[in-house]
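>>> Got a predicted structure plus its sequence, pasted below:
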Amino acid sequence: MTSTATPSQRPHAPLWLLALVTFSGTLAMHIFVPALPIAAKNLGAGMGAMQMTVSLYILGLAVGQLLYGPMADRFGRRPVLLFGLGLYSAAGLVAALAPDVHALITARLFQAIGGCAGLVLGRSIVRDTAGPQEATRRLALMNLMVTVGPSIAPLVGGALATALGWRSIFYALFALGIVGLLFTWRLLPETGTPGARLDASALARNYGQLLRSPAFLGFSIGGGCATTSMYAFIASAPFIFVDQLHRPAHEAGIYLAILVSGVWLGSFLTSHLIQRVRVDRLMIRSNALSVLAAFVLLGGVLSGHLSVPLAVGTMFLYTVGAGMASPAALTQAISVNPQVIGSASGLYGSTQMAVGALCTALAGMGHQNPALAAAIVLAGAGIVAQLSFAVALRHQKKLADAAAA
């Protein structure tokens with residue numbers, strides 16, 4: 001439906017259902033993290049291999065954000081969402097039955113590609129079915145699901161793994177996917193206008209234009225390093241808390257929920273500071289907070305003073321900085337070229353997830369000392385973010401000066 005349709009002409013899409021399918025994709029990102037040490041022992045796999053189940057899930061979300069939008073315009077929201085939920089459900093069942101870590105890694109990748117459908121299409125369906133004011137309210141709920149999913153996932157995963165074993169996590173995700181699939185099939189009408197031509201050349205041209213822009217690349221890579229780099233610690237956390245600090249497995253989920261809640265606080269602070277602080281300054285200063293926290297954590301590890309309070313405290317500050325930098329970097333990135341905002345948004349989101357997957361994979365290489373590996377990755381990512389932001393802002397200023405002249 002077009003935006004000119006009256007409310008009575010627009011199809012109805014249950015908001016709770018859109019929240020459910022969005023929540024499904026984000027919940028699966030970190031729900032398995034508290035069970036990584038348990039599953040590693042059961043499957044006879046190393047830390048690096050188990051962390052691939054997280055990094056490839058994040059990579060799947062990166063790929064999906066580039067694919068689902070054009071596919072939904074061509075084939076319709078409903079069939080593409082049904083396909084994604086079906087893939088998500090089937091991959092969850094395969095993961096639950098995985099005989100070895102390689103099968104589990106593959107299943108997680110396909111689970112992510114399927115789960116990304118709800119994440120992307122939930123927002124599209126909201127725009128199809130609501131006017132501007134109502135769409136803003138509904139999109140706020142979608143964004144809340146994106147934050148709530150990763151926040152409560154470690155608690156849910158830790159409880160399931162402790163009570164029923166690590167495979168119960170994937171049986172639960174399989175059930176969640178089936179519920180979403182059935183309700184979508186029964187209750188969700190087609191909300192778009194299928195038949196739009198897949199103009200691959202136009203997409204490639206838009207993406208190429210953005211990738212040639214130092215400003216966009218700086219804000220995009222910097223935004224990823226400032227925000228999703230925290231996934232490196234999240235994926236390493238069970239090994240840090242359980243193996244290095246000798247805490248019970250269920251406590252890892254509690255610590256992770258505290259850390260991810262820092263993103264909420266950062267977003268809250270940004271909504272109040274943005275009226276008084278320029279976006280570029282807010283972006284730089286909030287990432288500086290994350291860099292400081294990462295180096296304090298690194299210092300604690302190198303000096304042999306690693307403890308639960310140190311790890312949780314420094315990482316909470318890191319995620320507060322990430323929560324503040326995230327909206328600022330996104331705003332700067334999509335403002336580089338107002339003619340291709342849609343492509344910029346998709347490419348920025350994909351870059352964020354790709355950086356998160358890379359940081360997680362790099363942290364997984366330090367299986368001898370996961371805390372040291374995670375701290376090095378976070379400190380390095382923070383520095384790269386500051387340098388990237390500086391390059392982007394300098395290029396942006398040159399363009400503004402040239403335009404003014």
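Now that the structure is in, tell me what you want to look at.

>>> going forward, measure contacts and count neighbours with C-alpha atoms only.
Fine.

>>> my guess is residue 346 meets residue 64, correct?
No - using C-alpha atoms under 8 Å, residue 346 is not in contact with residue 64; the gap is 9.6 Å.

>>> distance of residue 85 from residue 399?
44 Å (C-alpha to C-alpha, to the nearest Å).

>>> Quick one: the helices in the stretch 201-350 of the chain, in order.
Taking DSSP state H, counting those that start in this stretch as the criterion, the stretch 201-350 of the chain carries its helices at 214-226, 231-238, 249-273, 279-302, 308-334, 341-364.

>>> the more surrounded of residue 85 and residue 399?
Per other C-alpha atoms under 10 Å, whichever of residue 85 and residue 399 has more neighbours is residue 85, with 31 against 13.

>>> which residues does that one contact?
Neighbouring residues of residue 85 by C-alpha atoms under 8 Å, 6 or more residues apart in numbering: 21, 114-115, 117-118, 177-178, 180-181.

>>> Let's see if you can find the most crowded of the residues you listed.
Busiest of these [other C-alpha under 10 Å] is residue 115, holding 33 neighbours.

>>> How many residues are close by the closest residue in space to that one that isn't next to it in sequence?
Leaving aside its chain neighbours, residue 115 sits nearest to residue 25 (4.1 Å; criterion: C-alpha to C-alpha, 6 or more residues apart in numbering). Close neighbours of residue 25, defined as other C-alpha under 10 Å, add up to 29.

>>> And the one 4 residues further on, by the same measure?
Neighbours of residue 29 under the rule other C-alpha under 10 Å: 25.

>>> That one against residue 57, yeah?
Yes - contact criterion C-alpha under 8 Å: residue 29 and residue 57 qualify, at 6.5 Å.

>>> Can you pull the residues that touch both of these two?
With C-alpha under 8 Å, 6+ apart, residue 29 and residue 57 have common neighbours residue 112.

>>> Next, give phi and psi for the closest residue to residue 353 other than its chain neighbours.
Closest residue in space to residue 353, ignoring its immediate chain neighbours: residue 62 at 4.9 Å, by C-alpha to C-alpha, 6+ apart. Main-chain torsions, residue 62, degrees, to the nearest 10: phi -70, psi -50.

>>> what about residue 62, distance to residue 356?
Counting by C-alpha to C-alpha - residue 62 and residue 356 are separated by 9 Å.

>>> Then residue 95?
Counting by C-alpha to C-alpha, the gap from residue 95 to residue 356 is 22 Å.

>>> Only C-alpha atoms, please: export stretch 172-191 in CSV.
C-alpha atoms of stretch 172-191 as CSV (Å, rounded to 0.1, in the frame of the first residue of the first chain):
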residue,chain,number,x,y,z
ALA,A,172,12.6,-23.5,22.0
LEU,A,173,13.7,-21.4,19.0
PHE,A,174,12.2,-24.0,16.7
ALA,A,175,8.9,-23.7,18.6
LEU,A,176,9.0,-19.9,18.5
GLY,A,177,9.6,-20.0,14.8
ILE,A,178,6.7,-22.3,14.2
VAL,A,179,4.4,-20.2,16.3
GLY,A,180,5.4,-17.1,14.3
LEU,A,181,5.0,-19.0,11.0
LEU,A,182,1.5,-20.2,11.8
PHE,A,183,0.2,-16.9,13.0
THR,A,184,1.8,-15.1,10.0
TRP,A,185,0.1,-17.6,7.6
ARG,A,186,-3.3,-17.2,9.3
LEU,A,187,-3.4,-13.5,10.3
LEU,A,188,-1.0,-11.5,8.1
PRO,A,189,-2.3,-10.2,4.7
GLU,A,190,-0.1,-8.9,1.9
THR,A,191,0.7,-5.3,2.8
